[in-house]
Each structure stands twice: as C-alpha cells, then as structure tokens.
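1. compute the structure for the input listed below.
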Amino acid sequence: MDVTIRALSAAETLPVRMPVLRPGRPLESAIFDGDDEPTTIHIGACAANEVVGVVSLMKTPMVEQIDQLAYQLRGMATQPEWRGKGIGRDLLQACVAAMVEVDADLIWCNARSHVVQFYQAAGYQAIGAPFHIADVGQHQKMFLALP
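-> Next comes the predicted model:
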C-alpha cells in the first residue's frame, strides 16, 4: 500500500500519539505544549486516508547550542502494524526538508533509549548522559546538524 507524507494538524497526530506514546493515559497527556504554535510543524504518514505515523517539530532552542535556530522533534510514533516499512525514515527525511524551508540550523530530540540506534542511523548524534523522564522512561538527548 502506498504511503504519503503530508502536513497534519495537531489534532490529526493524536490518534497515533495516544496509543503508541501514551497508552492507558488521558488524552491530555498526548497534547504537547507548543502543538498549536504557528511555528510548529506536524507531519504524518498516511495510507488509505489513515494516519499511520506522526512527528512534530517545535521551534525550541537546544541549551547546548543556544545561538542556533533549532527545532525539537517530538511525538514521533508509528502504528505497530506499520513499523519496519521505512515510515520512520521517511518522516525523518520530511523533517529535514521542512527545516531547510525555515532555514533551521539543527533538529534535536529526547529519544527513548530503545530508538537511539534508529536516530544514529539517520545521522543524529548523542549529547550528554542518558536521563529518565517520569512516567515515560529512559531517554538520550540527540541532535542533527543541518547543512
């Protein structure tokens, strides 16, 4: 089945964010501060008019590189039955394309520990020590410098 990458609204991310990133928690836990900011970009992978993967980019400085225009990658999620089909890779490529459009210097994220290698394969570098986010788990701060 063909998958299309396109811009989404914040609300369109929730049917994927909820079950993948916040299972069993209230809907509000999948709504992020900054979701509705005019500089925030939401991107989705869609198959047969169903959103199967999502990612959001929020204009947020990275403390270690405060002088650069940075966007934080948040809420990256793919429905379980769609994993392993290149959707995550396609979403990351769409993030880079979106950041080129806004002339950003870097993308950064707090990657869950089990996906650090996925981000490394896409060129992201770890920075600092791993850390724990309450109710979510172990994370690693990572970034990608843009050309």
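
2. which other helices and strands contact the helix or strand of the chain with the lowest mean pLDDT?
-> Ranked by mean pLDDT, DSSP states H and E, the weakest helix or strand in the chain is strand 131-133, scoring a mean of 87. The contact analysis (3 or more C-beta pairs under 8 Å, 6 or more residues apart in numbering; DSSP states H and E) places strand 131-133 against strand 137-145. All C-beta spots, glycine's among them, are computed from the backbone N, C-alpha and C.

3. scan the chain for its longest helix.
-> helix 87-101 (DSSP state H).

4. now do it against strand 137-145, angle only.
-> 50 degrees (axes from the mean of the first three to the mean of the last three C-alpha atoms, to 10 degrees).

5. stretch 77-85: how far from the chain's middle?
-> 14 Å (C-alpha atoms, centre = their mean, to the nearest Å).

6. how about stretch 20-37?
-> That offset, for stretch 20-37, works out to 13 Å (C-alpha atoms, centre = their mean).

7. now the end-to-end length of it.
-> 23 Å (C-alpha to C-alpha, to the nearest Å).

8. in that stretch, what's buried?
-> Neighbour counts over stretch 20-37 (16 or more other C-beta atoms under 10 Å) mark 20-22, 30-32, 35 as buried.

9. now do stretch 94-103
-> 94-96, 98-99.

10. and if you look at stretch 72-87?
-> Quick answer for stretch 72-87 (16+ other C-beta under 10 Å): 72-79, 82, 85, 87.

11. kindly report the same for stretch 53-70.
-> Result for stretch 53-70 [16+ other C-beta under 10 Å]: buried residues 53-60, 62, 70.

12. redo these as JSON lines? Include secondary structure.
-> Conversion of these to JSON lines gives the following (DSSP: H, G, I helix; E, B strand; the rest coil):
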{"residue": "G53", "secondary structure": "strand"}
{"residue": "V54", "secondary structure": "strand"}
{"residue": "V55", "secondary structure": "strand"}
{"residue": "S56", "secondary structure": "strand"}
{"residue": "L57", "secondary structure": "strand"}
{"residue": "M58", "secondary structure": "strand"}
{"residue": "K59", "secondary structure": "strand"}
{"residue": "T60", "secondary structure": "coil"}
{"residue": "M62", "secondary structure": "coil"}
{"residue": "A70", "secondary structure": "strand"}
